[in-house]
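what follows is a predicted protein model with its sequence.
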Amino acid sequence: MNDSSERRTGRFTGLAAALAGVAVLAACSTTTSGGDTEGAGGGGTGELTAAGTYPIESLDPHGAQGASTGTQFAGQALFSRLVKPAPDGTLTGDLAESWEPNADVTAWTFTLRDGVTFSDGSPLTAEDVVASFDRMMELNGPNAGNFPEATMTAASDTEVVLTTPAPDASIPGKLVLFYVLPSGIAADDTAFFNDPVGSGPFTVDGFTPGETLELAPNPDYFGDTPATDRVVVRNIPELSARLTALRTGEVDVVWGIPDDQLGVLEGDDGLTVETVPSTAEFTMWFNSSVPALEDAAVRRALWQAVDFATIIEQLYPETGEPATAPVTPVVLGHAPQEPVAFDPEAARAALEDAGFDFSQTLRLQFANAEFRPFLQAVASDLEEIGVRVEPLEKEQAVFTEDLLALNWDINFQQLATPTFDAASNLGRLYTCDAARTGYCNPELDDLLARAGGSADEAERTDLYGQASEIIWNDAVGMYPMTVSIAYAWNADLEGFTPDPSGLPDFSTVTDGGS
Amino acid sequence: MIRMVVKRLLIGVFVMWGAASLIFLIVRAAPGDPASVLLGPDADREQIRQLHATLGLDRPLHEQYVTYLGDVLRLDFGESHRLGRPAMDAVLERFPATLELTLTATTVAVVAGLLLGLLAGARPGGRTDRVVSAVTIALQSFPTFWVGIMGVLLFALTLRLLPSSGVGTPQHMVLPALTMALPFIAIVARLARSSVTETMREPYVVTARSKGLTEPQILLGHALRNSLVPVVTIVGLQMGALLGGAVIVENVFAWPGLGSLVVDAVANRDYAVVQGVTLLIAGAVTVLNLVADLLCAQLDPRIRMEAAA
């Protein structure tokens, strides 16, 4: 090599070293403590950073995003409800001190607690509750569909009455999705939500839709003021990025963690990992309106042919449990049913007896890639007895349209019951009018109507139990698994309780992050 | 020159109309109903019908198209019913983050690529050239998502030198910008090397040497300027690709740009946002190409003369 070439090589090496040096110098000043996007560290400051499984696109709980998990999460932090669910699924009062129905369960009276103020200091009255309900109904978003033709009036400053055209015992449960805003907020007032006034445990410290929501304690909150100085909820769409951020200490809490990632996190001394039973259940409806599946014996045989216990053990060892009813144990109306035993020979024989056409292919539709291995395993078991099933992964938009049009043979959903009441699952989805599964049984309709109209909790549970028995024995669908939500959080965090709906309440945290 | 600008602007208008029309048709041709996905599986048919009417989706396609084009001409890009706000507001809120990332990646790529190209092209076949060639081939071969994930594993998780995701400090920019820049560095370096190699064989370079100019003077004074024309052209084209292709990098690093917005908009059939993002990127690419053409004309008198002719 001649001199000039040597010199150039030397320059190249120097350039590379300089670039690397700049990068390292830039990097060295970075602190990656949790609860801090500014790099100053969150240690001991009471700041907390969380990364959920969903973006928060809107803070308007009455609008089009009202039913989305992100908006529901923000809603419970910023606003109050008449009632809210306790971690065990029972309803507790939030703004309401008590509630009771009239004799025929067509009107519910809610008595409000005294002395509640909004974060701007103004008192919260029955008028605000009624105005909020009217606003929700006017916007006709997803939550308004829970209250068809219902009206709310203020009986006094501290009492509101919700009247429905038909008996509805599930009204308190449905109201866990209803949030109270100050009166006078127009339906199209988007400016209000830039710095909303609420009566929840937190106020907004900063909000960038789809990116971050920063929360500060609301000193006027009627409950215990949160001990955490600041909560930052970040949107990290990629699961691996969320878990990396948790392990580096950039975030303090992550949830919705799949089983195959739990082992690594459990081996980390700095993290606490827990799973909590949720209201979600793997639900695999059969389309009873197609000739191949109109016979209950065929549907039941197909269920019998799948070794769900083994599939769950292999794929969901920590977040899955074999289901015992069409709704999960934390939902009001859960009644355990006789397990469907895996017996492929009996299944094959039953299908042959029923004259099942083995040459056809059943379309199994689903909408999320994370369920692909589970559904491939189901298809594989059915293939073993000669039943061909084609798993069809669809985009959510296509899936929903096809779901409502019954354009499928088997439909897979992870179906949650956010109201913790079987009325919004069994009562809503399994009637002849609902036309969700192609299954229609007047006896079932009658049971569900009676359950929906009874204010007696024991009677309701009994009636939903009878309804569940019909749904289960007629195999309206296969109900393989109840879902637990896995949470992992910084072990230094105190007072944090995993939430069964995936909507963690950070107001209970007593000491901050890393 | 003015004639060239006017001509390019007219072509730009045609390109924008084409982009606006294509995206209008493509989003509506895609299966899936915006009202169903917006209201969710709990909606009844009456609610869906009402929302169709609200969104104007119950009208014939040609009527929707005429209304849409008229609105776009008035710079009204429609309302995102899903987000409850004007679509372009949401798009413009996210655009600066994408632009910041793209500009940083481009700057890094151009500076590093030109330096490497100059070093390699100064003596073709030499040791530096061989090293640069090997490095650039490697950089172009690695998939972007893999580079991003490896960067996170090494610099964030193992060495704890850089944040793994998010925004807030200059350090947050390092990994996503480098991830985007690396394949671009290779493109620029290879282009610059080839251009410099060619220039260094030109007779005027021999003349310059015989007049006693040093190699750095020749490289910086002659080779660099001449190699800039193809580089500027490719940068103009590549920046458009970077703007549109930032989705993966933004997702890996939770960078709050257009990436996740457009992915969610497509998944939710949020026509207004998809159209808004497409038109904004189409406009940016059109402008970038015009700027690249003007720069090329500035750098190379022959292009100016052709334009004048």
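Nice, thanks for sending it over. Numbering: from 1, shown residues only, chains lettered A, B, ... in the order given.

who touches the residue of chain B found nearest chain A in this structure?
Closest to chain A within chain B is B:G32: 2.8 Å, counting by C-beta to the nearest C-beta. The C-beta positions use only the backbone N, C-alpha and C, and glycine is treated the same way. Taking C-beta atoms under 8 Å, 6 or more residues apart in numbering or on different chains, we find B:G32 in contact with A:E395, A:Q396, A:A397, A:V398, A:T400, A:E401, B:R269.

secondary structure, distance to B:L38 and neighbour count added to these, as JSON lines?
Shown next, in JSON lines, are the contacts of B:G32 (DSSP: H, G, I helix; E, B strand; the rest coil; distance: C-beta to C-beta, whole Å; neighbours: other C-beta atoms under 10 Å in any protein chain shown):
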{"residue": "A:E395", "secondary structure": "coil", "distance to B:L38": "14", "neighbour count": "17"}
{"residue": "A:Q396", "secondary structure": "helix", "distance to B:L38": "11", "neighbour count": "17"}
{"residue": "A:A397", "secondary structure": "helix", "distance to B:L38": "9", "neighbour count": "23"}
{"residue": "A:V398", "secondary structure": "helix", "distance to B:L38": "14", "neighbour count": "21"}
{"residue": "A:T400", "secondary structure": "helix", "distance to B:L38": "9", "neighbour count": "24"}
{"residue": "A:E401", "secondary structure": "helix", "distance to B:L38": "11", "neighbour count": "22"}
{"residue": "B:R269", "secondary structure": "coil", "distance to B:L38": "8", "neighbour count": "27"}
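
any stretches of chain A with poor pLDDT?
Per-residue confidence of chain A (counting by pLDDT under 70) places the weak regions at A:1-45, A:512-514.

which positions in the strand ranked longest in it come out as buried?
In chain A, assigned by DSSP state E, the strand with the most residues is strand A:271-286. Taking 16 or more other C-beta atoms under 10 Å in any protein chain shown as the basis for neighbour counts, the residues of strand A:271-286 that come out buried are A:271-273, A:275-286.

mind telling me which residue of the stretch 401-514 of chain A is nearest chain B?
Scanning the stretch 401-514 of chain A for the residue nearest chain B gives A:E401, at 4.5 Å (criterion: C-beta to the nearest C-beta).

ok and the residue in chain A nearest chain B?
Residue nearest to chain B within chain A (C-beta to the nearest C-beta): A:A397, separated by 2.8 Å.

what sits closest to that residue if chain neighbours are left out?
Of all residues beyond its chain neighbours, the one nearest A:A397 is B:G32 (2.8 Å), with distances taken as C-beta to C-beta, 6 or more residues apart in numbering or on different chains.

in three-state terms, label the one you found for me.
Judged by DSSP: H, G, I helix; E, B strand; the rest coil, the three-state class of B:G32 is coil.

tell me which parts of the stretch 51-200 of chain B are close to chain A?
For the stretch 51-200 of chain B, the residues in contact with chain A (C-beta under 8 Å from any C-beta of the partner chain) are B:81-85, B:90, B:93-94, B:112, B:115-116, B:119, B:122-123, B:126-128, B:131-132, B:149, B:152-153, B:155-157, B:160-171, B:174, B:178.

A:E338: neighbour count?
A:E338 is surrounded by 9 other residues when neighbours are defined as other C-beta atoms under 10 Å in any protein chain shown.

nearest residue to it in space, please, no chain neighbours.
Here the nearest residue to A:E338 in space, its sequence neighbours aside, is A:W472; by C-beta to C-beta, 6+ apart that works out to 7.7 Å.

quick check: which element contains that neighbour?
With elements taken from DSSP states H and E, the one containing A:W472 is helix A:457-473.

give me the helices and strands touching that helix, please.
Using 3 or more C-beta pairs under 8 Å, 6 or more residues apart in numbering or on different chains; DSSP states H and E as the contact test, the elements touching helix A:457-473 are helix A:426-429, helix A:442-453.

now stretch A:487-503, how far from the centre of its chain.
Here stretch A:487-503 shows a centroid-to-chain-centroid distance of 15 Å under the convention C-alpha atoms, centre = their mean, to the nearest Å.

start and end of that stretch, how far apart?
Using C-alpha to C-alpha, to the nearest Å, the end-to-end distance of stretch A:487-503 comes to 11 Å.

over to stretch A:384-392?
The straight-line separation of the ends of stretch A:384-392 (C-alpha to C-alpha) is 19 Å.

tell me which residues are up against that stretch.
With C-beta under 8 Å, 6+ apart, stretch A:384-392 has contacts from A:302, A:305, A:344, A:347-348, A:351, A:356, A:358, A:360-366, A:372, A:375-376, A:378-379, A:382-383, A:408, A:410.

now that stretch: buried residues?
Judged by neighbour count using 16+ other C-beta under 10 Å, the buried positions of stretch A:384-392 are A:I385, A:V387, A:V389, A:P391, A:L392.

correct me if wrong: A:A297 contacts A:D353.
Yes - using C-beta atoms under 8 Å, A:A297 makes contact with A:D353 at a distance of 7.3 Å.

so the residue of the stretch 401-514 of chain A closest to chain B touches B:A35, yeah?
No - no contact is recorded between A:E401 and B:A35 when judged using C-beta under 8 Å, the distance being 9.1 Å.

hmm, back to that, now, of the contacts of stretch A:384-392, which are buried?
A:302, A:305, A:344, A:347-348, A:351, A:356, A:362-366, A:375, A:378-379, A:382, A:408, A:410.

look up phi and psi at residue 252.
I went with chain A, as the question did not name one. For A:D252, the backbone dihedrals (degrees, to the nearest 10) come out as phi -100, psi -30.

to clarify, I was referring to chain B.
For B:V252, the backbone dihedrals (degrees, to the nearest 10) come out as phi -60, psi -40.

how about A:G184, secondary structure?
Under three-state DSSP, the three-state class of A:G184 is coil.

tell me how many other residues crowd it.
By the measure other C-beta under 10 Å, the count of residues near A:G184 is 11.

what sits against it?
Applying C-beta under 8 Å, 6+ apart, we find A:G184 in contact with A:A131.

now do the helices in chain A.
With helices called from DSSP state H, chain A shows them at A:3-28, A:69-78, A:126-139, A:171-174, A:239-248, A:259-266, A:296-304, A:308-315, A:344-353, A:372-384, A:396-404, A:426-429, A:442-453, A:457-473.

out of the ones you listed, which gets nearest to A:E211?
helix A:69-78 (11.3 Å; C-beta to C-beta).

skipping its backbone neighbours, what lies nearest B:Q275 in space?
Leaving aside its sequence neighbours, B:Q275 sits nearest to B:I23 (C-beta to C-beta, 6+ apart; 5.3 Å).

isn't the one you found up against B:V274?
Yes - using C-beta under 8 Å, B:I23 makes contact with B:V274 at a distance of 6.6 Å.

compare those two and say which is more crowded by neighbours.
The neighbour count for B:I23 versus B:V274, taken as other C-beta under 10 Å, is higher for B:V274 (23 against 19).

what about B:H52, how many neighbours?
Neighbours of B:H52 under the rule other C-beta under 10 Å: 16.

that one: helix or strand, and which one exactly?
Using DSSP H and E, B:H52 sits in helix B:45-55.

before we move on, back to that, neighbour-wise, which of A:A297 and A:D353 wins?
Neighbour totals were compared for A:A297 and A:D353, and A:A297 leads with 14 against 11 (other C-beta under 10 Å).

in contact with the residue lying closest to the more buried one once chain neighbours are set aside, which residues?
Across the structure, with C-beta to C-beta, 6+ apart as the measure, the residue nearest A:A297 apart from its sequence neighbours is A:A354 (4.8 Å). The contact partners of A:A354, by C-beta under 8 Å, 6+ apart, come to A:D295, A:A297, A:V298, A:A301.

for A:A354, give its distance to A:T324.
26 Å (C-beta to C-beta, to the nearest Å).

for the stretch 401-514 of chain A, which residues are neighbours of chain B?
Within reach of chain B by C-beta under 8 Å from any C-beta, the stretch 401-514 of chain A has these residues: A:E401, A:L403, A:L404, A:Q413, A:R428.
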